[in-house]
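K.L.:
Could you work out the structure for the sequence below:
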Amino acid sequence: MRILLTNDDGIDAEGLACLERIARRFSDDVWTVAPLFEQSGKGRGITLTEPLRVHGFGDKRFAVTGTPTDCVVLAVNEIMDAPPDLVLSGVNRGHNVGEDCSYSGTVAGALQGMAFGIRSIALSQSLERFHDEVTAHWETAEEFAPGIISRLLESKWSPGVVMNLNFPARPPEQVSEVEVTTQGFRVAGEMAAVKRTDLRGRDYWWMSFRGTKQDHAPGTDLRAMDDGKISVTPLHIDLTHHASVHDLKGMLGGAPPKRVEA
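P.N.:
Numbers count the residues shown, from 1 in each chain. As a prediction, the model looks like this:
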């Protein structure tokens, strides 16, 4: 089996080294194509306004001056001599649950693999708190990911689905169970812009999360992280709210409405 690895934390990330060890439990044919620099929060962004450059970092290891989506596109179309059988994206430093999934570069890497018709899995390791001095429990992802991936590869996936794995911020012996979850949502207003002033007296803003404690709904990926469970969520890229389609057809279907005069 040929495996392609990518991430959004960059080629030197600890989580990528963890993912490489996980992948080698399945195959010796492992390729890594990851961003040269951290691309957290870039979502499914692609680079259209500047050139991309590829740097070699050893046998079958490459870094790209772009996003995770750029990495997977270049890997499949240009760098690899044949497409992979599996794309693994991560292991991200910090979970990707709830609305994180819509702007996560980790999930985006898996989505691009899915777009190529390749089975793809995103993996993320939760943190007690998001700060540089906090060490992630990489051993938790490394302990449990191989077994979960094996079971997933034995099953049939619906077309257009990627698997989003999140491991709780606990050592392996404190992980209670694996739960198949739905995507949860936080209370509105969790993201904020923090205003600061530089040394020349000019204002700037730094995006951040408030980190407020919330009571998340049972069965969601957010609640699984709270409860110390491993979360497995099947995601797909179809953003259509199908329940609204019928009502909208009755209101807007047919001839276009008359022009509204000012």
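
K.L.:
all contacts plus neighbour counts: C-alpha atoms, from now on.
P.N.:
OK.

K.L.:
Sketch out the helices for the stretch 101-250 of the chain, chain order is fine.
P.N.:
Defined through DSSP state H, counting those that start in this stretch, the helices belonging to the stretch 101-250 of the chain, from first to last, are 105-115, 138-154, 221-226, 242-252.

K.L.:
can you list the ones you listed in JSON lines and add mean neighbour count, distance to residue 213 and mean pLDDT?
P.N.:
As requested, the helices of the stretch 101-250 of the chain are arranged in JSON lines below (neighbours: other CA atoms under 10 Å; distance: least, CA to CA, whole Å; pLDDT from 0 to 100):
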{"stretch": "helix 105-115", "mean neighbour count": "28", "distance to residue 213": "24", "mean pLDDT": "97"}
{"stretch": "helix 138-154", "mean neighbour count": "16", "distance to residue 213": "23", "mean pLDDT": "98"}
{"stretch": "helix 221-226", "mean neighbour count": "24", "distance to residue 213": "10", "mean pLDDT": "95"}
{"stretch": "helix 242-252", "mean neighbour count": "9", "distance to residue 213": "31", "mean pLDDT": "88"}
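
K.L.:
mind checking pLDDT for residue 190?
P.N.:
Residue 190 is assigned a pLDDT of 67 by the prediction.

K.L.:
Please produce TSV containing the helices of the stretch 101-250 of the chain, extended by distance to residue 123.
P.N.:
Supplementary listing: the helices of the stretch 101-250 of the chain in TSV, determined by distance: least, CA to CA, whole Å:
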stretch	distance to residue 123
helix 105-115	8
helix 138-154	8
helix 221-226	13
helix 242-252	28
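
K.L.:
quick one: which of those helices is nearest residue 181?
P.N.:
Nearest to residue 181, of all the helices of the stretch 101-250 of the chain, is helix 221-226, at 5.4 Å by CA to CA.

K.L.:
pretty sure residue 43 is in contact with residue 108, am I right?
P.N.:
Yes. The criterion here is CA atoms under 8 Å, and residue 43 meets it with residue 108 at 5.5 Å.

K.L.:
so what strands line up beside the lowest-mean-pLDDT helix or strand in the chain?
P.N.:
Taking mean pLDDT, DSSP states H and E as the measure, the helix or strand of the chain with the lowest value is strand 203-209, at a mean of 85. Each strand that pairs with strand 203-209, with its direction, by DSSP bridges: strand 191-197 (antiparallel).

K.L.:
hey, where'd the strands end up in this protein?
P.N.:
Remark: strands assigned in the chain by DSSP state E are 2-6, 29-35, 54-56, 61-64, 86-93, 119-125, 161-167, 178-180, 191-197, 203-209, 230-236.

K.L.:
State the number of residues packed around the nearest residue in space to residue 208 that is not next to it in sequence.
P.N.:
When the adjacent residues along the chain are set aside, residue 208 lies closest to residue 192, with 5.4 Å between them (CA to CA, 6 or more residues apart in numbering). Applying other CA atoms under 10 Å, we find 12 other residues in the vicinity of residue 192.

K.L.:
How much space separates residue 192 from residue 133?
P.N.:
22 Å (CA to CA, to the nearest Å).

K.L.:
Tell me the confidence at residue 35?
P.N.:
As summarised for this prediction, residue 35 has a pLDDT of 98.

K.L.:
which residues touch it?
P.N.:
6-11, 63-68, 71 (CA atoms under 8 Å, 6 or more residues apart in numbering).

K.L.:
Show me the beta-bridge partners of it.
P.N.:
residue 64.

K.L.:
I am finished for the moment; much appreciated.
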